[in-house]
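1. A predicted structure for the sequence below; I have some questions about it.
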Amino acid sequence: MKKTNAMRILDSAKIKYDVLSYDDDGEHELSRGAAERIAEKLGVNPAACFKTIVMRSESKQIFVFCQSALHEINLKKARQACGAKEISPVKSDELLSLTGYVRGGCSPLGMKRKFPTFIDSSALSFEKIYVSAGVRGEQLVLSPDDLVKAADATACDLVLEG
């Protein structure tokens, strides 16, 4: 297995993690619940499988959000968390040049630059969570506290109710 930037960051911080592989079918449309299907392929609780969403504010600042496969991000809560007036997802065709990752393989760790990162606080209720390892077909398994530490992230409520 080839090490990804995310794995190298965890290794250098001496953070314990595992890697799970799944068959990548190339289907990564947000509207189709890609993160939920990955959880299904891995046989894990989709509430503990976190998708990484990169957003841009009205001032062009980039922010990274991690949300459970079972929930959508509440944009109002996301704006409050990062202090932006407006925020919207980065387009798929910009993701690689901004982060070094492609849709479906975007990890909250090891992007080209360090961006403010926010993880939904529901992650903290699990012993282990799953996030992209930085390539399609591989998920990191680690403690949510270790992810918060490694990503220098803020845990906050990001769930869209309803």
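-> Now that the structure is in, tell me what you want to look at. Numbers count the residues shown, from 1 in each chain.

2. hey, let's count contacts and neighbours off CA atoms from now on
-> Noted.

3. buried residues in the helix or strand bottoming out on mean pLDDT in the chain?
-> Lowest on mean pLDDT, DSSP states H and E among the helices and strands of the chain sits helix 34-42, with a mean of 89. For helix 34-42, the neighbour count (16 or more other Cα atoms under 10 Å) marks 34-39, 42 as buried.

4. can you check stretch 120-128 too?
-> In stretch 120-128, counting by 16+ other Cα under 10 Å, buried: 120-124, 128.

5. from those residues, which ones fall inside strands?
-> Asp120 (DSSP state E).

6. want to try a markdown table for the buried residues of stretch 120-128, with distance to Gly134 as columns?
-> Output for the buried residues of stretch 120-128, formatted as a markdown table (distance: Cα to Cα, whole Å):
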| residue | distance to Gly134 |
| --- | --- |
| Asp120 | 19 |
| Ser121 | 22 |
| Ser122 | 22 |
| Ala123 | 19 |
| Leu124 | 22 |
| Lys128 | 18 |
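
7. which residues of the protein fall in helices?
-> 5-12, 34-42, 75-82, 92-99, 144-151 (DSSP state H).

8. Which of those helices sits closest to Asp23?
-> helix 34-42 (7.6 Å; Cα to Cα).

9. which parts of stretch 8-15 are buried?
-> Under 16+ other Cα under 10 Å, the buried positions of stretch 8-15 are Leu10.

10. what sits up against it?
-> Contact partners of stretch 8-15, identified using Cα atoms under 8 Å, 6 or more residues apart in numbering, comprise 16-17, 109-110, 146, 150.

11. pLDDT below threshold where in this protein?
-> Within the chain, the ranges that satisfy pLDDT under 70 run 26-32, 162.

12. Work out which residue lies at the spatial centre of it.
-> Thr52 (2.4 Å; Cα atoms, centre = their mean).

13. count of neighbours near Leu160?
-> 13 (other Cα atoms under 10 Å).

14. now do Lys60
-> Neighbours of Lys60 (other Cα under 10 Å): 11.

15. Same check on Gly43?
-> 9.
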